[in-house]
Structure formats: C-alpha cells, structure tokens
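Colleague: Need a 3D model of the following:
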Amino acid sequence: MNYNVCIRKSIEYINDNLDKKTGLEDIAGKVFLSKFHFHRIFHAVTGEFVAEYIRKRRLEEAAKDLVNTDSKIVDIALKYQFSSQEAFTKAFKKLYGTPPRKFRKNPDNGIAFMAA
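Modeller: Purely as a prediction, here's the structure:
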C-alpha cells in the first residue's frame, strides 16, 4: 500500500473539513486504516501529529479570515472548532506570537495571505 497516497487523501479531507468537527477515527476511516496505524503513518510521513496538523491548519485559515473579513474573533474561533475565544487566542498567540486582535490590526507580520 502506498502510504503517501493515503496521507495525501487524508490531508485533502482535513483541509476540506477544517470548519467541521473531525476526529482521528473519521480521518483514518477515509483512508481505510485503523486509528493507531494511521496516526503512526501520518506522523512518519509528515513529521507532525494529526491533531497538531489540524490545529495548525485551522489557525492558518483563521488568520486568513482575520485579515480578509470583518467577522468577529469569537465567530472565527467557533467556526474553526475552538471551544472559546480564549482557547483560540491562546493557540493563535502560540503559533503566530501575537493575539488575533493585534494580528488583525497589523497583518503584515511577515505572513502573506492570498485574498479569500
């Protein structure tokens, strides 16, 4: 079995469902692997754990929304499956080094986004 194809398909599924609640079992099922095996293969191929990858991708999309929309921060946080604005802010700050509100005011933090 070509694991690169499985991982590519799983990444496509993740990217298509960033605004939905998806778990390891859902994703592994899409590529017909057990949760345990999928988790190991995903990490071996990408160098990231599944949950870490999903969180990073959700934060990347949230950052685009912050720059390209006038949506409230809490609405963006909930859209990308964060339990609260506080949880979102903490995760966002950890990845980008600045809170979402400040990022929105000064999106020129060395990160380029294409218009939505």
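
Colleague: all strands for the protein, in order.
Modeller: Here the chain has no strands by DSSP state E.

Colleague: Where does the record place the domain boundaries for it?
Modeller: The chain breaks down by automatic domain parsing into domains covering 3-47, 58-105.

Colleague: among these, which is the most enclosed?
Modeller: domain 58-105 (a mean of 16; mean count of other C-beta atoms under 10 Å). Where you see a C-beta, it was placed from the backbone N, CA and C, and this is true even at glycine.

Colleague: average pLDDT for that domain?
Modeller: Domain 58-105 shows a mean pLDDT of 96.

Colleague: ends of it, how far apart?
Modeller: 20 Å (C-alpha to C-alpha, to the nearest Å).

Colleague: For the longest helix along the chain, what is the distance to the chain centroid?
Modeller: Criterion DSSP state H: the longest helix present in the chain is helix 50-68. Taking C-alpha atoms, centre = their mean, to the nearest Å, one finds the center of helix 50-68 at 4 Å from the center of the full chain.

Colleague: What helices and strands are in contact with it?
Modeller: Helix 50-68 sits against helix 3-16, helix 24-30, helix 35-46, helix 73-79, helix 85-96, helix 100-105, with contacts defined as 3 or more C-beta pairs under 8 Å, 6 or more residues apart in numbering; DSSP states H and E.

Colleague: In JSON lines, list those along with distance to K64.
Modeller: Output for those, formatted as JSON lines (distance: least, C-beta to C-beta, whole Å):
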{"stretch": "helix 3-16", "distance to K64": "13"}
{"stretch": "helix 24-30", "distance to K64": "22"}
{"stretch": "helix 35-46", "distance to K64": "21"}
{"stretch": "helix 73-79", "distance to K64": "10"}
{"stretch": "helix 85-96", "distance to K64": "12"}
{"stretch": "helix 100-105", "distance to K64": "11"}
